[in-house]
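Asks: I would like the atomic coordinates for the input below:
(2 chains)
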Amino acid sequence: MKKIFLLISVVLISTISRAQEATPPANQEPQKTPDTKFLVTGFGFAGYTVMDKENSTFGPSGFDPIFLWKKSDRLFFESELLIELTDGETKFDLEYATIHYKLGKYLEVGAGKFLSPFGIFNERIHPSWVNKFADNPLGFNHDIGAMVGPMSEIGVEFRGGAQLGQSKINYVAYVSNGPTLVADPTNPMMSGMLMYSNINDNNDNKAVGGRIGLLPFKNSSVELGLSAQMAKVGDKNNDLYKNIGAQLFAVDLSFIHKLDFIKSNIDLKAQFNMVNVDKAVKYPVDTTMMGADSTFENKSRSYFVQLALRPAYVENKFFKNIEMVARYSSMTLPEKAMWGGDFTQISVGLNYWLSWHSVLKLNYQINSQKGMDDRTGFLIQWGFGF
Amino acid sequence: MKNKSIILSVAVLAVIICSLSAILFGCATPAMIASKSGTQLWGENCQRCHNTPSPTAFNDEHWEVVGMHMKVRANLTETEKDKIIEFLKSAN
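Replies: Numbering: from 1, shown residues only, chains lettered A, B, ... in the order given. Below you'll find the predicted structure:
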């Protein structure tokens, strides 16, 4: 693993040295504006939820400020805080805090906590005014047991983009703390689960991962991405689990197109996540519980497919701001794990765009879980960016 | 173990290909692509994720900051970022 990382570093450094821009001449014109530029941006949302068998409630609501600081054309810092009222509590978290430095035209390095380039949902779609739905798809949530794949990483990343003839390619490679395996006898209900928000690593083995995106057409209307991450996830001090590894894969698709015959834009997004954890000899479980199994095939899957249609080019001022949306998502967790289950969700809805970054969303949702009754209801959200 | 070796090898190969491609093909952009205006790039790239922003949403300094943020989010090329920001600054 270390040799491969060294090889990757050598290749990247050789690329950087050939892609370096020339230093500016000494006799520059006097600067008229300061080097340091700062902006607070971000998004917020306010919601109302009506699900059957539950009390209707205002919420979730939240505010995610984003701090952007540009020191020079090479040095840049960005950070997002998450402040949300949901599930009866206030959640406060650091979504990301990353220092970026441009090494050359095709490569920049980032360090700190950054949104995981595992697919596209985390990096690009999660803000309330970008996400066309009032909630995240199954498997793409911060909640424990509701995540299949990482939302963020703590480590170092290298990223960039380049033209390839008429096509484009973008690429990210990173090293991070990676996920950790829960194998704690005092917490048998979560045995075998991967935890992704890891400030401290539980071993000396770092996760290595990346994503390659290809935009084959000259108008950038289609992007296909492949993501992967490999890591040792077991605690190095526990002989039973120290050699347990995990392999994570994701495939993502984005398609945007203008349909002239109905004066509309169509927007298709999809992502498939797969997490495989090496077979453990035995997980600590509560054997008094029915269905408890100390050895199980630890594979998790989640995916979503969503479609949005907006008649943005009609003349009527009301209808041009209407957007019809539909999404199907699924999450399959190991059947014999105590946290296992088979979940699907269908969401359909209407959005009304008050401005380019402010939207009212009305979703009707059907939540299904194998062996349980369906939960249906409405989610309303006002999402806005600033 | 064998599968992991294969996967890692593919990943290393992919990084090498990307790096070499960035050098080789980045220097051979077709004229049609190179001549794309900031307006066109703004329309094509911003709407990949969200509505195209109004140029009047931010001032010149703020567009520069936003541009660096969006370059990371959308993995824009350096040329795309520069042209889009130049357009937004000219139109605000």
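
Asks: Is chain B within reach of the host helix or strand of A:Gly160?
Replies: Secondary structure assigned from DSSP states H and E places A:Gly160 in strand A:152-164. Yes. For strand A:152-164, a contact with chain B is found by CB under 8 Å from any CB of the partner chain, at A:Arg159, A:Gly160, A:Gly161, A:Ala162, A:Gln163, A:Leu164. Where C-beta positions appear, they are placed from N, C-alpha and C, glycine not excepted.

Asks: residues touching residue 51, list them.
Replies: If you meant another chain, say so; for now it's chain A. Shown in contact with A:Met51 (CB atoms under 8 Å, 6 or more residues apart in numbering or on different chains): A:Gln365, A:Arg375, A:Thr376, A:Gly377, A:Phe378.

Asks: Oops, wrong one, chain B.
Replies: Applying CB under 8 Å, 6+ apart to B:Asn51 gives the contacts A:Trp353, A:Trp356, A:His357.

Asks: 6 Å - rerun?
Replies: By CB atoms under 6 Å, 6 or more residues apart in numbering or on different chains, B:Asn51 lies in contact with A:Trp356.

Asks: what's the distance between the nearest residue to A:Leu350 once chain neighbours are set aside and A:Glu80?
Replies: Spatially, and ignoring its direct neighbours in sequence, A:Leu350 is nearest to A:Leu362 (5.2 Å; CB to CB, 6 or more residues apart in numbering or on different chains). From A:Leu362 across to A:Glu80, the span is 27 Å (CB to CB, to the nearest Å).

Asks: And for whichever residue of chain B sits closest to chain A, the neighbour number?
Replies: Closest contact between chain B and chain A, by CB to the nearest CB, is at B:Asn75 (3.3 Å). Look at B:Asn75: counted by other CB atoms under 10 Å in any protein chain shown, it has 26 neighbours.

Asks: Which helix or which strand is home to the closest residue in space to it that isn't next to it in sequence?
Replies: Leaving out its chain neighbours, the residue that sits closest to B:Asn75 by CB to CB, 6+ apart is A:Asn170, at 3.3 Å. Secondary structure from DSSP H and E places A:Asn170 in strand A:167-176.

Asks: Repeat that for B:Val72.
Replies: helix B:60-74.

Asks: by contact count, what packs against that helix?
Replies: Under the contact definition 3 or more CB pairs under 6 Å, 6 or more residues apart in numbering or on different chains; DSSP states H and E, helix B:60-74 sits against strand A:37-51, strand A:57-70, helix B:78-91.

Asks: Just list whatever residues bridge to the closest residue in space to A:Asp267 that isn't next to it in sequence.
Replies: Among residues not flanking A:Asp267 along the chain, A:Ala308 sits closest, at 4.2 Å (CB to CB, 6+ apart). Beta bridges link A:Ala308 to A:Asp267, A:Val325, judged by DSSP bridges.

Asks: Neighbours of A:Ala308, how many?
Replies: A:Ala308 has 20 neighbours, counted by other CB under 10 Å.

Asks: Over to B:Asp82?
Replies: 17.

Asks: Name the surrounding residues that touch the strand holding A:Asn170.
Replies: A:117, A:153-159, A:161-162, A:206-216, B:15, B:18, B:75.

Asks: Quick check: neighbours of the following helix or strand past it in the sheet, parallel or antiparallel?
Replies: Counting by DSSP H and E, the element after strand A:167-176 in chain order, helix or strand, is strand A:180-181. Applying DSSP bridges, strand A:180-181 is found paired with strand A:194-195 (antiparallel).

Asks: from the middle of its chain, how far away would the partner strand be?
Replies: Computed by CA atoms, centre = their mean, to the nearest Å, the chain-centroid distance of strand A:194-195 equals 15 Å.

Asks: avg pLDDT for the following helix or strand past that strand?
Replies: As assigned by DSSP H and E, the chain's next helix or strand after strand A:194-195 is strand A:207-215. Strand A:207-215 shows a mean pLDDT of 97.

Asks: and the angle for strand A:207-215 with strand A:152-164?
Replies: Interaxial angle of strand A:207-215 relative to strand A:152-164 (axes from the mean of the first three to the mean of the last three CA atoms, to 10 degrees): 30 degrees.

Asks: Buried residues, whichever helix or strand comes after strand A:207-215. List them.
Replies: Using DSSP H and E, the next helix or strand after strand A:207-215 towards the C-terminus is strand A:222-232. Neighbour counts over strand A:222-232 (16 or more other CB atoms under 10 Å in any protein chain shown) mark A:Val222, A:Glu223, A:Gly225, A:Leu226, A:Ser227, A:Ala228, A:Gln229, A:Met230, A:Ala231, A:Lys232 as buried.

Asks: okay, now the residue nearest to the first one when sequence neighbours are not counted: neighbour count?
Replies: Distances taken as CB to CB, 6+ apart place A:Phe255 nearest to A:Val222, at 5.2 Å, with adjacent residues excluded. Close neighbours of A:Phe255, defined as other CB under 10 Å, add up to 16.

Asks: How confident was the prediction at A:Phe255?
Replies: For A:Phe255, the pLDDT comes out at 98.

Asks: and it, that one's in a strand?
Replies: Yes. According to DSSP: H, G, I helix; E, B strand; the rest coil, A:Phe255 belongs to a strand.

Asks: Could you check which residue of chain A lies nearest chain B?
Replies: For chain A, CB to the nearest CB, closest residue to chain B: A:Asn170, 3.3 Å.

Asks: Burial check on that residue, number of neighbours?
Replies: Number of residues near A:Asn170 (other CB under 10 Å) recorded here: 21.

Asks: cool, and A:Arg310?
Replies: Around A:Arg310 sit 22 other residues, with neighbours defined as other CB under 10 Å.

Asks: Show the contacting residues for the residue nearest to A:Asp267.
Replies: Per CB under 6 Å, 6+ apart, neighbours of A:Ala308: A:Lys132, A:Asp267, A:Glu323, A:Val325.

Asks: for A:Asn273, same thing?
Replies: Contact analysis of A:Asn273 by CB under 6 Å, 6+ apart lists A:Val148, A:Gly149, A:Ala250, A:Ser302.

Asks: Let me know the closest of those residues to A:Lys279.
Replies: Using CB to CB, A:Val148 comes nearest to A:Lys279 of these, at 18.4 Å.

Asks: And the residue most central in space within chain A, how close does it get to A:Ala146?
Replies: Closest residue to the average C-alpha location of chain A: A:Asn122 at 1.7 Å, with CA atoms, centre = their mean. Counting by CB to CB, the separation of A:Asn122 from A:Ala146 is 14 Å.

Asks: Same check on A:Phe45?
Replies: For A:Phe45 relative to A:Ala146 (CB to CB), the value is 18 Å.
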